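Here you go, sequence then predicted model.
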Amino acid sequence: MNENGKLLELQHIQQIYTSGTRRFTALQDINLTLKEGEFVALLGPSGCGKSTLLRILTGLQKPSEGRVLYRGEELRGVNPYATIVFQTFALFPWLTVLENVELALKARGVPAEERTARATDLIDRVGLDGFENAFPRELSGGMRQKVGFARAMAVEPELLCLDEPFSALDVLSAESLRNELMELWISGSIPTRAILMVSHNIEEAVLMADRVVVMDKDPGRVIADMKIDLAYPRQRQTDGFRAVVDQVYALLAGQTQEEALELGSMPGEPGRTRALPAVSIADLSGLLEYLSEKAGDQDDIFRLSEELKIDSDMVLSLVETAELLGFATVEKGDIRLTALGETFAEASILARKEIFATRIRRLPLVRWLLDMLQRAGKHEMDWDLVKAALEQEFPPDDVEAQLDVLIDWGRYAELIAYDDQSEKLYLENALADAE
């Protein structure tokens, strides 16, 4: 084996995309080592590049810069010792459970008799004995994902990569499958030497992994590499578990900075144009009302996920939005409503709209759009034209989401109107004048 049991090593990985004349850094100087016997979770908010990094380390995507080493040798092409389980089940609906699992072995040239025996054994190990001849349509979501695990493990990968494998399942199915995977891993019932799991669920990562590598976005980068010194099986209600979860939330939520740093720059100006969180006004209002009703001095952010029954990624997005608009401040994993946040939570419907309009006018991205509409003929612009302008500021995959948020927030604040039939954006008062 490689020096100190190293299985995988990422050295100074960079992933850069270009759009027109602009360059977007999706991953910045990523260094990571994975050893035999480790279960490592890559944890971070949506858009931080976790799945991109997974594709790079399995050889499905070549990085712009940096090297991927496997067993000390530079990886060229697809890694034959690694396999990925994706968040969607990706089963062939016309094949039975047995045939779906056998398919991976058939692709490796395993003889028919041997692959049937190996596939049957794996189906038994994941708890699907008796369903060998069932078709995917006959299975629940959790059972279909078990077939995905069995198919991935059929080729006996040294490195098993999981790309948010439980996110498409209901809560109970996800919990059951997590426990069953941990039982297989801890007992050594699968041939895998190491597991690397991508997740945006903080509790899930702390529940399962030996190490949690925490990433942040804009650009995607590693901000912490934490060893989780908790015995298995882990219990969510213990003080030790809650302390680790609180620590991770504090890392991801950061703390409120001075306004210039929080807000960023307008498009076209030097500096970073801050993306707007994809959060609905209703959800934001619900969070502020909840915090106001608790009437506490401050609240642990990590407890909000459990209390509001929403995942940690959504909690962090809501907290980020409240902080961005000046409705809350964040420090050391705690959130505290500001006087303005309390006022918004207690205000009438119309008063909330006025407060919200005043606050989003401060945001550089909103100011940029309002300025463009103000200068445009008839104070209107085509959706495609605004989208093209945003493509100079954000990666292609993020542009439409940013435009959707701008329209939703602008409509609520009665600053911007949008006609879906003509696909035009207007200044709200300009549309009223035209009518």
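Done, it's in.

Now do the contacts for residue 283.
Contact partners of residue 283, counting by Cβ atoms under 8 Å, 6 or more residues apart in numbering, are 314, 318. For the C-beta atoms, the positions are set from N, CA and C on the backbone; glycine is no exception.

Look up how far residue 93 lies from the closest residue to residue 125 other than its chain neighbours.
Setting aside the residues directly before and after it, residue 125 is nearest to residue 189 in space (Cβ to Cβ, 6 or more residues apart in numbering), at 5.8 Å. Here residue 189 is placed at a distance of 28 Å from residue 93 (Cβ to Cβ, to the nearest Å).

Neighbour count: those two, which is higher?
Using other Cβ atoms under 10 Å, the more surrounded residue of residue 189 and residue 93 is residue 189, with 13 against 9.

Secondary structure class of the more buried one, three-state.
The three-state assignment at residue 189 reads coil, by DSSP: H, G, I helix; E, B strand; the rest coil.

can you list the domains in the protein?
3-251, 277-358, 366-434 (automatic domain parsing).

Give me the next element, helix or strand, following the one helix or strand residue 213 maps to.
Residue 213 is located in strand 211-216, with elements delineated by DSSP states H and E. Following strand 211-216 in sequence order, the next helix or strand is strand 221-227 (DSSP H and E).

which other residues reach the next helix or strand after that next one?
Remark: after strand 221-227, the chain's next helix or strand is helix 239-253, criterion DSSP H and E. Helix 239-253 has contacts (Cβ under 8 Å, 6+ apart) with 43-45, 202-203, 205-207, 212, 214, 216, 223-224, 226, 228, 230, 234-236, 300-302, 312, 316, 319-320, 330, 332-333, 335.

buried subset of those?
Those of those that meet the buried threshold are 43-45, 202-203, 205-207, 212, 214, 216, 226, 228, 230, 234, 300-302, 312, 316, 319-320, 330, 333, 335, by 16 or more other Cβ atoms under 10 Å.

Tell me which of the domains of the chain lies nearest to residue 268.
Closest approach to residue 268 among the domains of the chain (Cβ to Cβ): domain 366-434, 7.6 Å.

any idea of the mean pLDDT for the closest one?
In this model, domain 366-434 has a mean pLDDT of 85.

just how off-centre is it within its chain?
Domain 366-434 has its C-alpha centroid displaced from the chain centroid by 26 Å (Cα atoms, centre = their mean, to the nearest Å).

before we move on, the earlier item: keep only those of the buried ones among the contacts of helix 239-253 that are in helices.
202-203, 205-207, 301-302, 312, 316, 319-320 (DSSP state H).

for the closest residue to residue 132 other than its chain neighbours, what are its contacts?
Of all residues not flanking residue 132 in the chain, residue 98 sits nearest, at 4.2 Å (Cβ to Cβ, 6+ apart). With contact taken as Cβ under 8 Å, 6+ apart, residue 98 is in contact with 116, 119-120, 123, 132-133.

Alright, calling it a day.
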